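>>> I'd like to go over a predicted model; first the sequence, then the structure.
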Amino acid sequence: TGRPKATLTISSDERTQLTAITRSRSLPAALTLRAKIVLACEREPSNVIVATRLGVGPHTIGKWRNRFIADRIEGLYDEMRTGRPRTVEDEAVAEMITKTLAQPKAATHWSVRAIAKETGIAKSTVHRLFQLFGLQLHRTRSFKLSTDPFFVEKLRDVVGLYLNPPDKAVVLCVDEKSQIQALERTQPMLPMGFGYIEGVTHDYERHGTTTLFAALNVLDGAIIAQCKPRHRHQEFLAFLRHSEANVPPQLDIHLVVDNYATHKHPKVRTWLARRPRG
């Protein structure tokens, strides 16, 4: 039978918190297990039975049962562990971060070794601090600010089509992919199978290029597409006519396109202005 165990009771608020911990995917697995142990111990007084159900040792069950009884939910979290005292003060860390972020534009990007040499902090510590603060010195991300004076108005129109779709209308997002190489492999393709990927020969014969025109139906994901030999306003107009013919006549058509010159050609603007459905 073993030694008598202290009674474990859980309040309704604690049960709600423990259940939330067991269902969380972002919390540590150890904390999730401890919450499961406490919930199981409320229903089952035997540590051996709970240990068998959860696949851990009876001593682990007893430890967290007693910890919860003594300290409640706060007792399930890891305690601060002793270790070597910090060797880098907060002021030195702040100085290093400031130097990293406030580098002049003409300078090359800082590296872990360069910052370590500049600040006197160990390379491993610099690397750890960069990871902690999310500093990625080797990466860049491009951006572009629009110079279109009507950018805000156009943005509202596009976003409005998604947030408040028009009645008895279809929204098509239109774009092109030019310079697609038409390549003919010298031997037939080997299909994908279990344990190996699709195989193609390294050598091929070129058959020029093609341009893909495509319109995505925002509502159901259907695509209207055509391939054209060139990428001019004539081909774009032909694709617009093809798209119009493939949309039921009772529906209006709203097109979302970018600022490519072909889309703003005078003949394209004239054609769109004459369409009663747009």
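Thanks, I have the structure now.

>>> how about Ile224, nearest residue that isn't a chain neighbour?
Ala215 (4.3 Å; Cβ to Cβ, 6 or more residues apart in numbering). In short, each C-beta sits where N, CA and C put it, glycine included.

>>> what's the distance between the one you found and Leu135?
Separation of Ala215 from Leu135 (Cβ to Cβ, to the nearest Å): 42 Å.

>>> looking at the two, which is more packed in?
Each of Ala215 and Leu135 has its neighbours counted (other Cβ atoms under 10 Å); Ala215 has more, 25 against 17.

>>> the more buried one against Leu172, yeah?
Yes - using Cβ atoms under 8 Å, Ala215 makes contact with Leu172 at a distance of 4.2 Å.

>>> so what sits against both of these two?
Common neighbours of Ala215 and Leu172 (criterion: Cβ atoms under 8 Å, 6 or more residues apart in numbering): Ile224, Ser243, Leu255.

>>> run through the neighbouring helices and strands of the helix or strand containing the second one.
Using DSSP states H and E, Ser243 sits in helix 233-245. In this structure, helix 233-245 makes packing contacts with strand 169-185, strand 204-217, strand 223-228, strand 252-256, helix 266-273, judged by 3 or more Cβ pairs under 8 Å, 6 or more residues apart in numbering; DSSP states H and E.

>>> what's the second one in contact with?
To tie it back to what came earlier, the one meant is strand 204-217. Contacts of strand 204-217 (Cβ under 8 Å, 6+ apart): 170-186, 222-231, 235-236, 239, 243, 255.

>>> and for the fourth one?
Residues outside strand 252-256 that contact it (Cβ under 8 Å, 6+ apart) are 158, 161, 166, 168-174, 215, 240, 243-244, 247, 272, 275, 277-278.

>>> and those residues, which are buried?
Leu161, Ala169, Val170, Val171, Leu172, Cys173, Val174, Ala215, Leu240, Ser243, Glu244, Val247 (16 or more other Cβ atoms under 10 Å).

>>> can I get the residues you listed in a markdown table including distance to Thr98 and pLDDT?
A markdown table is the format used below for these (distance: Cβ to Cβ, whole Å; pLDDT from 0 to 100):
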| residue | distance to Thr98 | pLDDT |
| --- | --- | --- |
| Leu161 | 45 | 87 |
| Ala169 | 54 | 90 |
| Val170 | 53 | 90 |
| Val171 | 48 | 90 |
| Leu172 | 50 | 92 |
| Cys173 | 44 | 93 |
| Val174 | 47 | 94 |
| Ala215 | 50 | 95 |
| Leu240 | 55 | 94 |
| Ser243 | 55 | 93 |
| Glu244 | 58 | 93 |
| Val247 | 57 | 92 |
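
>>> convert stretch 155-167 to PDB, retaining C-alpha atoms only.
Extracted in PDB, the C-alpha atoms of stretch 155-167 (Å, rounded to 0.1, in the frame of the first residue of the first chain):
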ATOM      1  CA  LEU A 155      -5.300  49.900 -52.600                       C
ATOM      2  CA  ARG A 156      -8.700  50.500 -51.100                       C
ATOM      3  CA  ASP A 157     -10.400  49.300 -54.300                       C
ATOM      4  CA  VAL A 158      -8.400  46.000 -54.300                       C
ATOM      5  CA  VAL A 159      -8.800  45.400 -50.500                       C
ATOM      6  CA  GLY A 160     -12.500  46.200 -50.800                       C
ATOM      7  CA  LEU A 161     -13.000  43.500 -53.400                       C
ATOM      8  CA  TYR A 162     -11.700  40.900 -50.800                       C
ATOM      9  CA  LEU A 163     -13.400  42.400 -47.700                       C
ATOM     10  CA  ASN A 164     -16.700  43.200 -49.400                       C
ATOM     11  CA  PRO A 165     -17.100  41.200 -52.600                       C
ATOM     12  CA  PRO A 166     -19.500  42.700 -55.100                       C
ATOM     13  CA  ASP A 167     -22.900  41.100 -55.800                       C
END
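
>>> buried set for that stretch?
By 16+ other Cβ under 10 Å, the buried positions in stretch 155-167 come out as Leu161.

>>> gap between it and the chain center?
24 Å (Cα atoms, centre = their mean, to the nearest Å).

>>> which residues touch it?
Contacts with stretch 155-167, where a contact means Cβ under 8 Å, 6+ apart, come from Val171, Val218, Leu219, Asp252, His254, Val256.
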